[in-house]
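1. Have a look; sequence and predicted model below, questions after that.
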Amino acid sequence: MRTISRPNHKYGGIAKILALLVSVAFASSACGSGAATGGGNGKASREIVYFAPSSAGISYLIAQFKGIKDYAKQAGYTVKFVLNNLDAAQQGQQVQQFVASGEKPAAIMIFPLDPKAGVNQAAQLSRIAPTFQINQKVAEGGWDYVKAYVGPSDALVGETAGKSLMHLRGELNARGTKLHSTEGNVLFIGSVPGTAQAQARYAGFVDATKAAPFNMLENHDCCSDAEKAYAMASQLIPKWKSKLDFIVTQNDDTANGIARALRQNGLEPGKDVWMVSGNCGGPASVLESKTVYATGLQSGYVEGAGMVSVISAYFASGKKIAPGEATLHYSEKAPSTSDKAPAQINILDNPPVFSADTASLTQNVWGVPLSQNCPLD
């Protein structure tokens, strides 16, 4: 098991977060004691259908799928994955085909590639079974069809990245490190173009740094995997090479690809250019080597497990949803079971993880090693 750093900084830290052992703020029911609906021949269905992008090459989704499978097994559900190739049009076709199939699952989960198109997809799916949305925030009009949401606040992810970068700039200034501008020049390489995630993360970053802003060279949406990030960065870095101080990346995977492009252009991460990533999906080596200064602990595993727990609690509580928002806090043990109605909006916590101090990844989040939550191995 690899080790990474943990922060002793005043606004976060893995040890501090896990030591609190806080209970999750939504009511979950991993036992699935409520009766699900649907199915044929008068029998209740125990199947959940998940419309999602393929996890191929995306560490975050690999962890999310594991959380879904683990908690579905505990709750007595099966999961059918309907995967697209990061293609919103393909997802729309898959939804239409499923609606026409006549299948009647207990519940449906959707990760909409296009949140606006996802409203229409949720409208179609909700006629078949209770529909729940994951990872991408529910767009205007969507709450008429979506029971509950589980996932990150991408604005919070951007905010955490902004605060971490300001902390880094303060350290560099204290050491007398010369930047290319007084504010520091930053290249923001975000998520898949046109997604609400990309827009919200950038907005959160700008909001968090507005009191002491950076000089933004470019906000360029890209991807979630290392190879596409490498290809994009290979085009962008030569353009900004003589002015570049900081890069904000989507996750640790994309940071790994960007680091490769930096080195090919004669720039060493952590020495000539400093990086902060939005969330921790990707290899631990980027933190161990201080290629990345800080990342956000956004757990894909908890996102997947939390979604299944919300669905299970929905049925266990008599198909009830509690209005309002709750935070999915990270605890060392899995959350206790409950038959209370889950919250309508369930947001993942996103504390910063720094590369400055050493800590073991053997600690658990929701009963699973941290290395399998992001993953960071």
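-> Looks like it came in fine.
2. just the helices in the stretch 151-300 of the chain please.
-> Along the stretch 151-300 of the chain, counting by DSSP state H, counting those that start in this stretch, helices occupy 154-175, 196-208, 226-240, 252-264, 285-288, 300-316.
3. most tightly surrounded among those helices?
-> Highest mean neighbour count of those: helix 300-316, a mean of 29 (counted as mean count of other Cβ atoms under 10 Å). C-beta coordinates here come from the backbone N, C-alpha and C atoms, glycine included.
4. Which neighbouring elements make contact with that one?
-> Here helix 300-316 is seen to pack against helix 59-75, strand 107-110, strand 131-134, strand 146-151, strand 322-328, strand 343-348, helix 370-373 when contacts are counted using 3 or more Cβ pairs under 8 Å, 6 or more residues apart in numbering; DSSP states H and E.
5. what mean pLDDT does that helix have?
-> For helix 300-316, the mean per-residue pLDDT is 95.
6. follow-up on the earlier one: what about the helices of the stretch 151-300 of the chain, which gets the closest to Thr327?
-> Of all those, helix 154-175 sits nearest to Thr327, with 9.8 Å by Cβ to Cβ.
7. Determine the three-state secondary structure at Ala52.
-> Put simply, Ala52 is strand when judged by DSSP: H, G, I helix; E, B strand; the rest coil.
8. my guess is it contacts Asn85, does it?
-> No: Ala52 is beyond contact range of Asn85, at 11.2 Å (criterion: Cβ atoms under 8 Å).
9. Looking only at neighbour counts, state which of these two leads.
-> The residue with more neighbours, out of Ala52 and Asn85, is Ala52; 22 against 10, by other Cβ atoms under 10 Å.
10. which ones are touching the nearest residue to the more buried one once chain neighbours are set aside?
-> Excluding the flanking residues, the one nearest Ala52 by Cβ to Cβ, 6 or more residues apart in numbering is Phe111, at 4.4 Å. Applying Cβ atoms under 8 Å, 6 or more residues apart in numbering, we find Phe111 in contact with Tyr50, Phe51, Ala52, Pro53, Gln133, Ile134, Asn135, Gln136.
11. Nearest to Arg127 among these?
-> Nearest to Arg127 among the contacts of Phe111, with distances taken as Cβ to Cβ, is Phe51, at 14.8 Å.
12. quick one, what contacts the closest one?
-> Here Phe51 is in contact with 82, 84, 91, 94-95, 98, 108-112, 121, 125 (criterion: Cβ under 8 Å, 6+ apart).
13. Check the residue nearest to Ala52 and give its pLDDT.
-> Per-residue pLDDT puts Phe111 at 97.
14. Kindly report the same for Gly12.
-> Gly12 is given a pLDDT of 43.
15. Using CSV, lay out the helices of the stretch 151-300 of the chain together with distance to Gly67.
-> Output for the helices of the stretch 151-300 of the chain, formatted as CSV (distance: least, Cβ to Cβ, whole Å):
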stretch, distance to Gly67
helix 154-175, 18
helix 196-208, 19
helix 226-240, 22
helix 252-264, 18
helix 285-288, 22
helix 300-316, 3
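16. so which of those gets nearest Tyr77?
-> Between Tyr77 and the helices of the stretch 151-300 of the chain, the tightest spacing by Cβ to Cβ is seen for helix 300-316, at 6.9 Å.
17. Just give me the neighbour total for Thr327.
-> 18.
18. give me the beta-bridge partners of it?
-> Beta-bridge pairing of Thr327 under DSSP bridges involves Ile347.
19. ditto for Thr131
-> Beta-bridge partners for Thr131, by DSSP bridges, are Ile108, Val146.
20. wait, doesn't it sit right on Gly142?
-> No: with contact defined as Cβ under 8 Å, Thr131 does not reach Gly142; the gap is 9.5 Å.
21. Name the residues contacting each of those two.
-> The contact sets of Thr131 and Gly142 overlap at Ala122 (Cβ under 8 Å, 6+ apart).
22. Could you export the contacts of Phe51 to TSV, including columns for distance to Ser153?
-> Shown next, in TSV, are these (distance: Cβ to Cβ, whole Å):
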residue	distance to Ser153
Val82	26
Asn84	24
Gln91	23
Gln94	27
Val95	26
Phe98	29
Ile108	23
Met109	19
Ile110	18
Phe111	16
Pro112	17
Gln121	22
Leu125	24
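23. List just the nearest of the residues you listed to Val368.
-> Distances from Val368 to those, taken by Cβ to Cβ, are shortest for Met109, at 19.7 Å.
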